[in-house]
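>>> Give me coordinates for this.
(chains A and B)
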There are 2 protein chains.
Amino acid sequence: MRSRIERVIIALAKERIDAFLVTKAANVRYLSCYEGDDASLLIASKKRFFLTDSRYELQARRDTRGFTVKIIKSSLAETIRDLVYALKVKRLGFECHDLTHAQHDRLMRSLPGIELAPVHDMVERLRVVKDAGEVRFIRESVSILEKVSTRFKTILRPGLAERDLAAELEHFIKVAGGDKSSFDIIVASGSNSALPHARPGTRRIRPNDMVLLDLGVGYKGYNSDLTRVFFLGKINPRTKKIYDTVREANRRSIKAIRPGVEISRIDEIARGFIRKKGFGNCFGHALGHGIGLEVHESPSISGRNHTVLKPGMIFTIEPAIYLPGWGGIRIEDMVLVTRKGCEVLTDDIDK
Amino acid sequence: MRSRIERVIIALAKERIDAFLVTKAANVRYLSCYEGDDASLLIASKKRFFLTDSRYELQARRDTRGFTVKIIKSSLAETIRDLVYALKVKRLGFECHDLTHAQHDRLMRSLPGIELAPVHDMVERLRVVKDAGEVRFIRESVSILEKVSTRFKTILRPGLAERDLAAELEHFIKVAGGDKSSFDIIVASGSNSALPHARPGTRRIRPNDMVLLDLGVGYKGYNSDLTRVFFLGKINPRTKKIYDTVREANRRSIKAIRPGVEISRIDEIARGFIRKKGFGNCFGHALGHGIGLEVHESPSISGRNHTVLKPGMIFTIEPAIYLPGWGGIRIEDMVLVTRKGCEVLTDDIDK
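Sure, this is the predicted structure:
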């Protein structure tokens, strides 16, 4: 199998790009294994440079392989200019979804005579299919997630505030071997669960509450993401109907996942089922998202994505029904596309 | 005193901008009080729109005042196009340090006939001088920080791993009333402290270690930032000399802070002192940075910043000496510029 860098160089040749400036942190990490911030890469067919400032010099020299480390003295634009002229670059690619308008403007002014070519998601496209090492890290992240979810069930009880529960889980992620929470943990009780991205607040859990938990574990740069809803007391028939609808939408869409299927089809299976049950207006977001070095990355599992599934893709499936004033139910799993179908990575976590 | 929005509208009129698209999260929060993600503002002299997607609709309607909430159906660019044409905008300002090249390109293509005007740090400039409410939040953040720092002294002992200490502190931030850690806490022991942005690892604290702690507390959107170095055993004369040099550089630069002084002068006082003591090559980063809604914001306290100090500015002063292989000493305080001088917000925290 070709190395990550080799695949980038092939993609650059196709677009007739002599050198490629990589600025997005997750892409820098993917290509260089460097775990820090504030670093860029300049990749040409024969030479690779790692650009950072003096704060990160030791880390860069220790962690990167196959790159020449250059310490930025005055500005990134000037450092790039020197390298670009030395390498005789005519066409310089840049990550147009990451570089700001101001950074682009500065680069353009410091590189007269050099053509700047916007590159759209080149490294992101490589990252869509995970390699064996990446799958291993994500599995480990999910296995820590499972411990944290189990922990939640043991500590959840009336009287506790949402934010105290979230703080306890965030700490437990580290105790269980995770590096950090992948994102701000959502613990949303009662009608707060109607906010898809609720913030844990001072509301205390009540008897008979329904509590939505959405959390993920960062592990060696990789992430996981899971949503479950817990019921403290009896479940009334209407709640049960909504819960069963979401669970069935989750199950049906997952059942359809296999290589060759168009992504929009997966979204429509869940969305169509929710619509048929009369909750068509209550599910406003996409069905899921790719996950890896970023919590949200390609592919988006939405009705507008017409690419087809491939083995090695990892993404979430998270249908939901939100009823403002009442609450929301979302059931989110993580799925790995296999050669013949898919594996639900979060299958051991009860729902 | 004029409201934040009023000051923006005055600044826009000066640049002959009819409407201003605010996309940077901290600026959206500053102007609208909205605490979530994925939201933008469109500000015209008479009308103000708050743009977000369906996931944040309830939060937006609950939290924002004086804005008309618009839910983005297909894309931000299309939503803006409809509003811009309805408002008869001819010149649309955008935040060029935030909007990516690709977003700008998309906006340009969806707005034929509209002039797009890059706006440089307009809201950031307003944010440089903190108002009374902001100072209150930052003081509260510092007071929680003080508790966390005290906690560190009580738990620090040989045998503990850096990452376990960091995890314990991160949890304690929430127990003490903070919302979150402002950034990944640095606990760097022994020679790890030579990395200005070290990551806490599995290294265990040893007797006679020196341990660098760099942490901050997020509180109602505002941040704090502090660095202290702790010694577990006896301090040898060379270490003492380095420590005293950094402390004296910190003290001298702080003593010079008062309205009207050029920022580069403050940087030079600390840097010149460190140079005079023979460590000129061991302090590569700026002396400090503004802090508020972002951990790093304007003003940068560097030799290249020739603006003058004003009452209400809040920033860090963090001289350092790093010796690769040996370790590093950094002493970081937070300072509020007052009418006649300055107040060290972190003065109650021992150094």
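>>> And the strands in the stretch 1-150 of chain A?
A:19-22, A:39-44, A:48-52, A:68-71, A:91-95, A:115-119 (DSSP state E, counting those that start in this stretch).
>>> Figure out which of the ones you listed is closest to B:Asp38.
B:Asp38 sits nearest to strand A:91-95 of all these, at 20.3 Å, using C-beta to C-beta. In this view, the C-beta of every residue, glycine as well, is placed from N, C-alpha and C.
>>> is the closest one anywhere near chain B?
Yes - on the criterion C-beta under 8 Å from any C-beta of the partner chain, strand A:91-95 is in touch with chain B at A:Phe94.
>>> Give the buried residues for that strand.
Across strand A:91-95, burial judged by 16 or more other C-beta atoms under 10 Å in any protein chain shown covers A:Leu92, A:Gly93, A:Phe94, A:Glu95.
>>> helices or strands up against it?
Strand A:91-95 sits against strand A:19-22, strand A:115-119, helix A:122-127, with contacts defined as 3 or more C-beta pairs under 8 Å, 6 or more residues apart in numbering or on different chains; DSSP states H and E.
>>> Go again with 6 Å.
strand A:19-22, strand A:115-119 (3 or more C-beta pairs under 6 Å, 6 or more residues apart in numbering or on different chains; DSSP states H and E).
>>> Which of these sits closest to A:Glu57?
Per C-beta to C-beta, nearest to A:Glu57 of these: strand A:19-22, 18.8 Å.
>>> Show residues contacting the closest one.
A:Leu12, A:Val28, A:Leu41, A:Leu42, A:Ile43, A:Ala44, A:Leu87, A:Val89, A:Leu92, A:Gly93, A:Phe94 (C-beta atoms under 6 Å, 6 or more residues apart in numbering or on different chains).
>>> What count of nearby residues applies to whichever residue of the stretch 151-300 of chain A sits closest to chain B?
Closest approach between the stretch 151-300 of chain A and chain B, counting by C-beta to the nearest C-beta: A:Gly284, at 3.3 Å. A:Gly284 has 14 neighbours, counted by other C-beta atoms under 10 Å in any protein chain shown.
>>> ok, how many other residues are close to the nearest residue to it once chain neighbours are set aside?
Distance criterion C-beta to C-beta, 6 or more residues apart in numbering or on different chains; nearest residue to A:Gly284, sequence neighbours excluded, is B:Ser54 at 3.3 Å. Per other C-beta under 10 Å, the neighbour tally for B:Ser54 reads 14.
>>> that older thread, winner for burial among the helices and strands packed on strand A:91-95?
Most buried of those by mean neighbour count (mean count of other C-beta atoms under 10 Å in any protein chain shown) is strand A:19-22; its value is a mean of 26.
>>> Could you pull up the mean pLDDT of that one?
Averaged across strand A:19-22, pLDDT comes to 98.
>>> Report the strands that pair with it, each with its relative direction.
If you go by DSSP bridges, strand A:19-22 pairs up with strand A:39-44 (antiparallel), strand A:91-95 (parallel).
>>> hey, where'd the helices end up in chain A?
A:4-14, A:25-32, A:57-63, A:76-86, A:101-110, A:122-127, A:132-155, A:162-175, A:237-255, A:263-274 (DSSP state H).
>>> Give me the contacts around the second one.
With contact meaning C-beta under 6 Å, 6+ apart, helix A:25-32 is reached by A:Arg4, A:Val22, A:Ala39, A:Leu41, A:Phe50, A:Thr64, A:Phe67, A:Val123, A:Arg127, A:Gly221, A:Leu293, A:Glu294.
>>> Need the buried residues of strand A:91-95 in a markdown table (columns: pLDDT).
Below are those laid out as a markdown table (pLDDT from 0 to 100):
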| residue | pLDDT |
| --- | --- |
| A:Leu92 | 98 |
| A:Gly93 | 98 |
| A:Phe94 | 98 |
| A:Glu95 | 98 |
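>>> helices or strands next to the lowest-mean-pLDDT helix or strand in chain A in the packing?
Ranked by mean pLDDT, DSSP states H and E, the weakest helix or strand in chain A is helix A:57-63, scoring a mean of 87. Other helices and strands packing on helix A:57-63, by 3+ C-beta pairs under 6 Å, 6+ apart, are strand A:68-71.
>>> from the buried residues of strand A:91-95, which is closest to chain B?
Using C-beta to the nearest C-beta, these come closest to chain B at A:Phe94, 7.4 Å.
>>> Distance of the residue nearest to the closest one when sequence neighbours are not counted relative to A:Asp37?
Nearest residue to A:Phe94, sequence neighbours excluded (C-beta to C-beta, 6+ apart): A:Leu21, at 4.8 Å. A:Leu21 is 17 Å from A:Asp37, where distance means C-beta to C-beta, to the nearest Å.
>>> now A:Glu170
A:Glu170 is 21 Å from A:Asp37, by C-beta to C-beta.
>>> In terms of neighbours, single out the busier of the two.
Using other C-beta under 10 Å, the more surrounded residue of A:Glu170 and A:Asp37 is A:Glu170, with 22 against 14.
>>> Distance of the more buried one relative to B:Ser264?
41 Å.
>>> Centre of chain A to the edge, which residue is at the far end?
A:Gly113 (37.5 Å; C-alpha atoms, centre = their mean).
>>> so who does the spatially most central residue of chain A touch?
For chain A, A:Val295 is the residue whose C-alpha lies nearest the centre (C-alpha atoms, centre = their mean; 2.1 Å). Residues in contact with A:Val295 (C-beta under 6 Å, 6+ apart) are A:Ser182, A:Phe183, A:Asn223.
>>> Understood, closing this out.
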